[in-house]
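S.K.: Sequence below, structure please.
(one chain, ligands or ions: 1)
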Amino acid sequence: MLRGNAAQRFSTYMTLRANPQRAAIPGIRTTLRQPVNVLQLLVAWAGCRERVIVVVAYASGQPSRWPLLTFCMGEIMDLFDLSGKTAVVTGGSRGIGLMIARGLLEAGARVYISSRKADACAAAERELTQYGEVVAVPADLSAEAECLRLADEIGQREHALNVLVNNAGATWGAPIEEFPATAWDKVVDLNLKAPFLLTQAFLPLLEAGGTHEDPARVINIGSIDGLRVPPFPTYAYSASKAGLHHLTRVLARELGPRRITVNAVAPGPFESKMMAATLKTFGDAIADAAPLKRIGRPDDMAGVAIFLASRAGAYVTGAVIPVDGGIGTTV
Ligand SMILES: NC(=O)c1ccc[n+]([C@@H]2O[C@H](COP(=O)([O-])OP(=O)(O)OC[C@H]3O[C@@H](n4cnc5c(N)ncnc54)[C@H](OP(=O)(O)O)[C@@H]3O)[C@@H](O)[C@H]2O)c1
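M.R.: Numbering: from 1, shown residues only. Below you'll find the model as predicted:
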């Protein structure tokens, strides 16, 4: 049975026919089988839940009993579907923010990204457009006025917001004797104050986007360095992330009755500009020390964000979820 947005499903079907290799389809699991016989197709169909569509694409010139690709969409996929939702991802121009923005787009959301540099925002917007509807709004979120302006600009375009991802962050490392007071201001302003100020500024839109059954979501990006003592002298960073985890719990209790969940993700090591120098020098050792023997991948970050933003995560609030291959959770 075809459910949801029929026009979207139809255009997906046509996209698949035109380009069977394309697997980035919101809410739909694609399986490439080359070739697939009728028995395999029946097994795939039986493996899906009810409310399933099965689409079979054939390559031109091949015998019609060899479909190139099948896909099925069932209830389990609807659980993670973000179609019709609007999200804001701060620091969405690169690194973890870009991974999350892409994941939310692929799950069907409309996404606003924001960071300081207008050219980086525009480049990320161009890159992400292939996955869905994305708009970049540059802003320096270490300043309260800019947090308010961002909320105001998005408020002029949207009557409601479903997901706010407070991801923009900065770090500073220096030996204790040299660690400057200005580093505390820079790091705490962006990593701890801005998520609060943005949640405050977006509150009317978030309240308009949340319902009892399907609350609006605030997702704060913390760090495993806020859970355990970090190996590097990043005093303000780890303190700001521990503070953000606790602020998450405080806001979860306050905003739950207002139909907004507040959760934090505590990433381990992921490729990004912030982590570039560390991973270049210590990447192999860090991966080797992880119980799962690798650093994080974009899908790991997209997956947790989609879970928290979707119907699947509707009853989760006040949680701090480590996504770290076991680095911080098994010490
Ligand atoms: N990568 C990791 O391994 C890791 C691990 C744990 C936690 N995290 C957390 O994940 C988040 C993203 O980190 P990342 O590794 O992806 O870092 P990144 O590559 O340095 O990206 C940071 C993002 O934030 C933006 N940004 C920086 N300062 C800003 C400001 N004042 N106003 C608005 N946007 C600003 C940057 O764009 P502009 O330069 O254009 O402003 C960029 O888009 C951070 O909160 C970080 O603490 C990362």
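S.K.: Quick check: closest non-adjacent residue to A289.
M.R.: I327 (6.8 Å; Cβ to Cβ, 6 or more residues apart in numbering). (Each C-beta comes from the backbone N, C-alpha and C, glycine too.)
S.K.: for that neighbour, what are its contacts?
M.R.: For I327, the contact set (Cβ atoms under 8 Å, 6 or more residues apart in numbering) comprises I224, G268, P269, I286, A289, A290, P291.
S.K.: and with 7 Å instead?
M.R.: I224, G268, A289, A290 (Cβ atoms under 7 Å, 6 or more residues apart in numbering).
S.K.: Going by neighbour count, which of those residues are buried?
M.R.: I224, G268, A290 (16 or more other Cβ atoms under 10 Å).
S.K.: hang on, isn't the second one packed against I224?
M.R.: Yes - if you go by Cβ atoms under 7 Å, G268 and I224 touch, sitting 5.1 Å apart.
S.K.: Just give me the residues shared between the contact sets of the two.
M.R.: Joint contacts of G268 and I224 (Cβ under 7 Å, 6+ apart) are D324, I327, G328.
S.K.: Can you report how many residues lie near the first one?
M.R.: By other Cβ atoms under 10 Å, 25 other residues sit near D324.
S.K.: Make 309 the first number, not 1, from now on.
M.R.: From this message on, residue numbering opens at 309, which makes the last subject D632.
S.K.: Please tell me how far it sits from the ligand.
M.R.: As for D632, its distance to the ligand is 8 Å (criterion: Cβ to the nearest ligand atom, to the nearest Å).
S.K.: surely that residue meets P575?
M.R.: Yes - under the criterion of Cβ under 7 Å, D632 makes contact with P575 at 6.5 Å.
S.K.: Domain parsing of the protein, as residue ranges.
M.R.: 314-386, 394-631 (automatic domain parsing).
S.K.: need the least confident one among these, by mean pLDDT.
M.R.: For those, mean pLDDT drops lowest on domain 314-386, to a mean of 52.
S.K.: Leaving out sequence neighbours, find the closest residue to M609.
M.R.: Closest residue to M609 apart from its sequence neighbours, by Cβ to Cβ, 6+ apart: M407 at 4.3 Å.
S.K.: In three-state terms, label the one you found for me.
M.R.: helix (DSSP: H, G, I helix; E, B strand; the rest coil).
S.K.: tell me the contacts of it?
M.R.: P606, M609, A610.
S.K.: Count the neighbours of the last one for me.
M.R.: By that I understand A610. Count around A610 with other Cβ under 10 Å applied: 21.
S.K.: My read is that it contacts L406, right?
M.R.: No - in this structure, A610 is not within contact of L406 by Cβ under 7 Å, at 10.0 Å.
S.K.: on that earlier part again, restrict the contacts of I635 to contacts with the ligand.
M.R.: Among these, proximity to the ligand is found for none (Cβ under 6 Å from any ligand atom).
S.K.: Any chance of a markdown table for those residues, columns secondary structure?
M.R.: Compiled in a markdown table, these are given as follows (three-state DSSP):
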| residue | secondary structure |
| --- | --- |
| I532 | helix |
| G576 | coil |
| A597 | helix |
| A598 | coil |
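S.K.: Spell out which parts of the stretch 459-608 of the chain neighbour the ligand.
M.R.: 475-478, 498, 529, 531, 575, 577-578, 580-583.
S.K.: biggest helix in this protein by residues?
M.R.: In the chain, assigned by DSSP state H, the helix with the most residues is helix 543-563.
S.K.: which SS state does the residue nearest to R402 when sequence neighbours are not counted fall under?
M.R.: Nearest residue to R402, sequence neighbours excluded (Cβ to Cβ, 6+ apart): K581, at 6.1 Å. Secondary structure, three-state DSSP: K581 is coil.
S.K.: How much space separates K581 from A395?
M.R.: Distance, K581 to A395, using Cβ to Cβ, to the nearest Å: 22 Å.
S.K.: Of the two, which one has the most company?
M.R.: A395 (27 against 8).
S.K.: isn't that one right up against E466?
M.R.: No - assessed by Cβ under 7 Å, A395 is found out of contact with E466, at 10.4 Å.
S.K.: show me the residues around the residue of the stretch 459-608 of the chain found nearest the ligand that make contact.
M.R.: Residue nearest to the ligand within the stretch 459-608 of the chain: G477 (2.2 Å; Cβ to the nearest ligand atom). By Cβ under 7 Å, 6+ apart, the contact list for G477 reads G399, L498, N499, I529.
S.K.: so is the closest residue to the first one other than its chain neighbours in a helix, a strand, or just coil?
M.R.: Of all residues beyond its chain neighbours, the one nearest G399 is A476 (3.2 Å), with distances taken as Cβ to Cβ, 6+ apart. Following three-state DSSP, A476 is assigned to coil.
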